[in-house]
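Peer 1: Build me a model:
(chains A and B)
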Amino acid sequence: MKKMIITAAALVFALSGTAAYAATESQTATYIVASTSAANEEAQTDPAENSAATSSAGDTNIFYGAETGNNDVIHLEKHYGKNGYPDYISYIICTGVSSSGFDPTQGEPDGGFAETYFYDIGLTEKTQENMDAVLAVASDNCNITFYECDFSYNEREAAFNELGAKDYKGAHIMMSQESQYILIYIPDDADYKNDIPLYDGMVKILSTNELEYDTGIGTTGTTGATTGFGQPEIGYESYSYADGVTAQDNTWVWFAVAGIAVFAVVGAVFIIRRNNVRINSDGSAEAVSVATKADVEKAVSDSAEAPSAELKNKIMKNI
Amino acid sequence: MTNDQLNERLARLKSGDKSALEDIYNELSTPIFTIALRITQNRPLAEEATQDVFVKLFRSPPEKTLSNPRAYIFKVARNAALDALKNNPSHENTDDHTEIPAPQSGDHSEVAEALASLPEEQRSIVTLHINAGLKFREIAEITGTPLGTVLWRYNKAISKLRDILNGGTL
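Peer 2: Residues are numbered from 1 along each chain as shown, chains lettered A, B, ... in the order given. Purely as a prediction, here's the structure:
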């Protein structure tokens, strides 16, 4: 329980960092909070709305690059975009930046602001080794929350290229480094709908009618008008945000963030407990050990077998 | 053993250096045999395929220095296992994947049975990635399969293994 409280506190802290940014950066104020909630809540029904990656499991441990401490990469998504994604990375979302001691009435202090960059990073294998590998790259002012998910960036890219080579007339195929899914929008009367490979759930098929309402979640500006995220692009690398949105009173953001954090923690507890309890047919329950992907891979690795001792001699005689 | 060290051993094979082959055997015989065993599901056939790999390496070592000798050797191993299956049709896998797994020397029969329930192409990918330590791109090249398909099959295989090891049915 203590661990969960710490985790909850850390999560609130991380999200608060986002909210702090929302309060100071008027252009993107509401977007950031919205995308953070989309990233953390799996309960969204529309994959287009849930375009930020979904987390499938587990505790949300928050790390600073400084913990392993070395490299100086702040913009992780650019780093991996340039140098290639390891097979275990699924998505990278920069959820916000906080500037400590920021006061808009004062100029920039000597030496600039102390900024913290907040990231949600999805890993297909959320192992300590993989988390350490990311932290070894990240600058010490990167605050990273790791999530476990199903599909890697490389997998998504390969599938995206394969889908792009097909002739799906009138379709729009989209992938992003911020989502573990590929979205393919097709006309309602498309006769190839059933031919589209879904890659075990990595590909989500939607109607092109939904493109008219954009792929984002939209937000409400000071005029009261709801604004979307601009027109989608084929093969986009990131969302294009609408201009002209100004910050409002963001007090509600703090409450919203706190609420999201509480729901996220409760949800995580529920998922963890549900996964570890088997309900028997007689209604009783028992704890079971659940094999994770890493467990399976270790079991396969451990199951390696050596040939018989005689084989070596046999080979050496035969050559 | 690094790729450079492996290339150095392979170069020595050209001059008939048996100790170089012994070095490679000591390093790679377990993953090679494991791959052959997973593909053939039969211990004698797996040993036959393993023997073929090393005999071929000794008699026909690669002419040039390879950029990825490790992937090359496992490609030879996979082909040898598939050839062993072809030459012994009575052992060839059936579509319903009901073949009996080879006897296990350790306590891994549950994993072996779970692996045996997978289609051959998924088993190959799983064992090439986990036991041989090859990257998915290397496996895609070795098997002549698109990378996305390799990754998709791998994930599907791991999901099925996870279900089975969590108490699901074969």
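Peer 1: For A:Ile173, which three-state class applies?
Peer 2: Look at A:Ile173: counting by DSSP: H, G, I helix; E, B strand; the rest coil, its state is strand.
Peer 1: Next one, pLDDT for it please.
Peer 2: A:Ile173 is assigned a pLDDT of 86 by the prediction.
Peer 1: same thing with B:Ala71?
Peer 2: If you check B:Ala71, the pLDDT there is 91.
Peer 1: contacting residues for it?
Peer 2: B:Leu134, B:Glu138, B:Glu141, B:Ile142 (CB atoms under 8 Å, 6 or more residues apart in numbering or on different chains). No exception for glycine: its C-beta is placed from N, CA and C like everyone else's.
Peer 1: Which helix or which strand is home to the residue in the stretch 151-300 of chain A that chain B sits nearest to?
Peer 2: At 3.4 Å from chain B, A:Ala158 is the closest residue in the stretch 151-300 of chain A, using CB to the nearest CB. Secondary structure from DSSP states H and E places A:Ala158 in helix A:153-164.
Peer 1: which strands and helices sit next to that helix?
Peer 2: In this structure, helix A:153-164 packs against strand A:89-100, strand A:172-174, strand A:182-186, helix B:147-165, with contacts taken as 3 or more CB pairs under 8 Å, 6 or more residues apart in numbering or on different chains; DSSP states H and E.
Peer 1: Could you write out the alpha-carbon coordinates of the strand or helix carrying B:Ala81 in PDB?
Peer 2: B:Ala81 belongs to helix B:69-87 when assigned by DSSP H and E. Extracted C-alpha coordinates of helix B:69-87, given in PDB (Å, rounded to 0.1, in the frame of the first residue of the first chain):
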ATOM      1  CA  PRO B  69      28.400 -14.200 -39.400                       C
ATOM      2  CA  ARG B  70      26.100 -15.100 -36.500                       C
ATOM      3  CA  ALA B  71      23.000 -14.600 -38.600                       C
ATOM      4  CA  TYR B  72      24.600 -16.500 -41.400                       C
ATOM      5  CA  ILE B  73      25.300 -19.500 -39.100                       C
ATOM      6  CA  PHE B  74      21.700 -19.600 -37.800                       C
ATOM      7  CA  LYS B  75      20.400 -19.300 -41.300                       C
ATOM      8  CA  VAL B  76      22.400 -22.400 -42.200                       C
ATOM      9  CA  ALA B  77      21.000 -24.100 -39.000                       C
ATOM     10  CA  ARG B  78      17.400 -23.300 -39.900                       C
ATOM     11  CA  ASN B  79      17.800 -24.500 -43.500                       C
ATOM     12  CA  ALA B  80      19.500 -27.700 -42.200                       C
ATOM     13  CA  ALA B  81      16.600 -28.400 -39.900                       C
ATOM     14  CA  LEU B  82      14.000 -27.800 -42.600                       C
ATOM     15  CA  ASP B  83      16.000 -30.000 -44.900                       C
ATOM     16  CA  ALA B  84      16.100 -32.700 -42.300                       C
ATOM     17  CA  LEU B  85      12.400 -32.500 -42.000                       C
ATOM     18  CA  LYS B  86      12.000 -32.700 -45.800                       C
ATOM     19  CA  ASN B  87      14.200 -35.700 -46.000                       C
END
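Peer 1: Give the buried residues for that helix.
Peer 2: Within helix B:69-87, the residues that qualify as buried are B:69-82, B:84-85, counting by 16 or more other CB atoms under 10 Å in any protein chain shown.
Peer 1: surely A:Ser303 meets B:Ala112?
Peer 2: Yes - with contact defined as CB atoms under 8 Å, A:Ser303 and B:Ala112 form a contacting pair (6.1 Å).
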